[in-house]
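**Q** next one to model:
(3 chains)
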Amino acid sequence: MNLDAIVENFPRYLTGALTTAELLLISLLIGLLIAVPLGVLRTLPIKWLSRTVWVYTYVFRGTPMLVQLFLIYYGLGQFEWMQQSALWPLFSSAWFCACLTFVLNTGAYTTEIVAGAIRALPHGEIEAAKSLGMSRWVMLRRIVLPHALRRALPAYSNEAIFMLHGTALASVVTIMDVTGIARDINATYYIPFEAFITAALFYFAMTLVLVGLFHQAEKRWLKPLMPR
Amino acid sequence: MQRRQLIARAALAACALLATAGAASAQAPDWKKIRIGVEGAYPPFSEVGADGKLKGFEIDLAYALCAEMKAECTLVQQDFDGLIPALQARKVDAIIASVSITDERKKVIAFSNPYYNTPARFTAKADAKFDFSPAGLKGKKIGVQRATIHEKFAAETFKQSEIVRYATQDQAFLDLKSGRVDLTLADLVAADVGFLKTPAGKGFAFVGPSYSDVKYFGVGSGVGMRKADEKTLGKKFNDAIAAVKANGTFKKLNDKYFEYDISAK
Amino acid sequence: MILHGYLPSLLEGAVLTLGVALSSMALAMVLGLLGAMAKLSKFRVAKGIATVYTTLIRGVPDLVLMLLIFFGGQVAVNAIALQMGHEEYIDVNPFVAGVVTIAFIFGAYLTEAFRGAFLAVPPGQREAGLAFGMSPAQVAWRITFPQMFRHALPGLSNNWLVLIKSTAIVSVIGLHDLMTRGSQAAGNTREPFVFYLAVALIYLIFTSVSELVFDQLQKRLSVGVRRHSL
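**A** Numbers count the residues shown, from 1 in each chain, chains lettered A, B, ... in the order given. Next up, the predicted model:
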């Protein structure tokens, strides 16, 4: 067990962990921001709106994130018009491409989670709100969303953990996150076991932190739904 | 009691299966069957054609060497940074994948005599002007393939530049073309035949000096193998390399792929 | 031709991907059932091992696990073999390595899916079976398992969809699946967009067909179960 190389490179692992955390935070925050309105649209009785959102979630949940990443990073980058366009400064950055892929991906899954939570609401609540004369917008703001988002918490916590694991793919497009650092160390010192176990330990620690955070969130917001 | 017997029998069966699996694929120490690791993503040395088959200079050379050694060879394709670990894990017995012989690598594996030697050069847009000192390339993005001598050289020499690492050299060329990196440091021949001479390489050219510092770039590419096998397999490969050079097979393959002589002196 | 003649290669890769996915799923289901039974059993050791298994696997990314099991595992297998006096190397076939890795990973997720499914079967069913004089094995086989399976279906279908997409990562350990073939074609022709789009479409077909099949299965297994309407 050659642990010297690992100890020597520990600071690099820490920088990698920071990169991973940044990627995760950006993806989850922006993903959630787009998913809530899209989730609502998905459940509206307006067929064409619901269908359009469905196409988005269908495509992004039906294909591997690795393929999506390659399509956005290498695929789009191959076109001359893209390289000349005003968007190029954004798309030429591996960071932007990775974040875009992650946001679109987690956005799709979270949209379905939110939509599912809204559909799972007791019919009586919606009826009561309508009979009180609430407009759709007021009903959404005061009844549907608060309740649905709480119900969505356990499923969303799973999605957040999947996303943490997903950030490991950033290493495939040159980003030096935890996995990227581990692969580099493996390539330099030929110590796969040590390099990847250290990476696994980092992810494990981060998963525990995430799980802990969601546990706290559930304790705060899901109390009414828990059995006494 | 029945359940325990069942479990015991299942365990025994599993062990037997494992043992036979091991025995069935036992490697004869006289090297009649050799598994050779290749990359398959480094034209023109080794690539995968549209038909899914491996082709390239090193592929042909591997088969030629095996013919000389009168051994049955199986080529196993593996990502470049996984070749040496695969060798250590005994997944393959030898590596023929443009692996340069360097002191760093000699600490972990053994090599045959070199079979080819070419320097490294930067590739960039034809009209780009660079100052090739470490300070001159400050802030520039240099694309390299992970786990190569080019990566090590670039990372240690051009400390003020941003080194971007790719799994394959092809990906580095893709990003060079799209402008994500300013230069890429790679083997002269791989860059020439694999990129510059292809339609994708229009508008790009070699820039800067030729690098062949032995400390980083070694004395050429050799066949990699486990240290324990150096005396036996290593000798066989060395004899075979000398033989193909002597009987003109090497020259034939060289001329088939390259305009210049790439053999190691 | 848009695909430059690489279509046969892509289709070959697709078949391999399907093969890996189906084999892994079958193995993962076995592991999942064993894990769920261990977690629900009275034996603390079994429970402990199963808990460690599911916690570790679900706490680490697929990519890292695959790299670890592939690179590290091979070194380990052969080191152990050498220790035991087995001089020759144990040849781990890449297909087997890929299948075992994926099955190992998803066995952990399926353990949780099956555990939830077992818990969803009303305990009264088992009691009634025992009251009728059936042996515990008969109760398990005739009463619990069939009902459990229906509850497990959503979890199974979700994990199957995730598994199929995870096989894309297997390209990292050198299995010539659909993703590897696509990458090779993209690298050789310098047209990544076309090929990754083709790869994405093939995966989309796989997932769509899978969803249809699972929908049918759900309908068949839910015959006689009353559904509530909103």
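**Q** residue of chain B closest to chain A, please.
**A** The minimum distance from chain B to chain A, using Cβ to the nearest Cβ, falls at B:Ala147 (3.5 Å). Glycine gets a C-beta too; all of them are placed from N, C-alpha and C.
**Q** phi, psi of B:Arg146?
**A** Backbone torsions for B:Arg146, taken as degrees, to the nearest 10, come to phi -60, psi 140.
**Q** show the pLDDT at the residue of chain B closest to chain A.
**A** On pLDDT, B:Ala147 comes in at 84.
**Q** what of the one 4 residues further on?
**A** pLDDT recorded at B:Glu151 is 90.
**Q** with C:Ser24 instead?
**A** C:Ser24 carries a pLDDT value of 94.
**Q** quick check: the gap between it and C:Val199.
**A** Distance, C:Ser24 to C:Val199, by Cβ to Cβ, to the nearest Å: 19 Å.
**Q** how about the secondary structure of the residue positioned nearest the centre of chain C?
**A** Central residue of chain C (Cα atoms, centre = their mean): C:Met25, 3.6 Å from the mean position. Assigned by DSSP: H, G, I helix; E, B strand; the rest coil, the conformation of C:Met25 is helix.
**Q** which residues touch C:Ile164?
**A** Contact analysis of C:Ile164 by Cβ atoms under 8 Å, 6 or more residues apart in numbering or on different chains lists C:Thr17, C:Ala21, C:Tyr203, C:Phe206, C:Thr207, C:Ser210.
**Q** of the residues you listed, closest to A:Ala200?
**A** Nearest to A:Ala200 among the contacts of C:Ile164 is C:Ala21, at 23.9 Å by Cβ to Cβ.
**Q** wait, that closest one sits on C:Leu163?
**A** Yes. Assessed by Cβ atoms under 8 Å, C:Ala21 is found in contact with C:Leu163 at 5.9 Å.
**Q** between those two, which contacts overlap?
**A** With Cβ under 8 Å, 6+ apart as the test, C:Ala21 and C:Leu163 both reach C:Ile102.
**Q** burial measure for residue 109, as a count.
**A** Since no chain was named, I'll use chain A. Look at A:Tyr109: counted by other Cβ atoms under 10 Å in any protein chain shown, it has 20 neighbours.
**Q** that's the wrong chain, I meant chain B
**A** 22.
**Q** my read is that the residue nearest to the centre of chain C contacts C:Leu161, right?
**A** No. Counting by Cβ under 8 Å, C:Met25 stays clear of C:Leu161, with 10.7 Å between them.
**Q** what's the helix or strand for the residue nearest to B:Thr249 when sequence neighbours are not counted?
**A** In space, and not counting its chain neighbours, B:Thr249 is closest to B:Ala64: 5.2 Å by Cβ to Cβ, 6 or more residues apart in numbering or on different chains. Using DSSP states H and E, B:Ala64 falls within helix B:57-69.
**Q** give me the contacts around that helix.
**A** For helix B:57-69, contacts defined as Cβ under 8 Å, 6+ apart pick out B:31, B:34, B:36, B:38, B:44-46, B:72-73, B:75, B:96-98, B:115, B:223, B:236-237, B:239-241, B:243-244, B:249-250, B:253-254, B:256-258.
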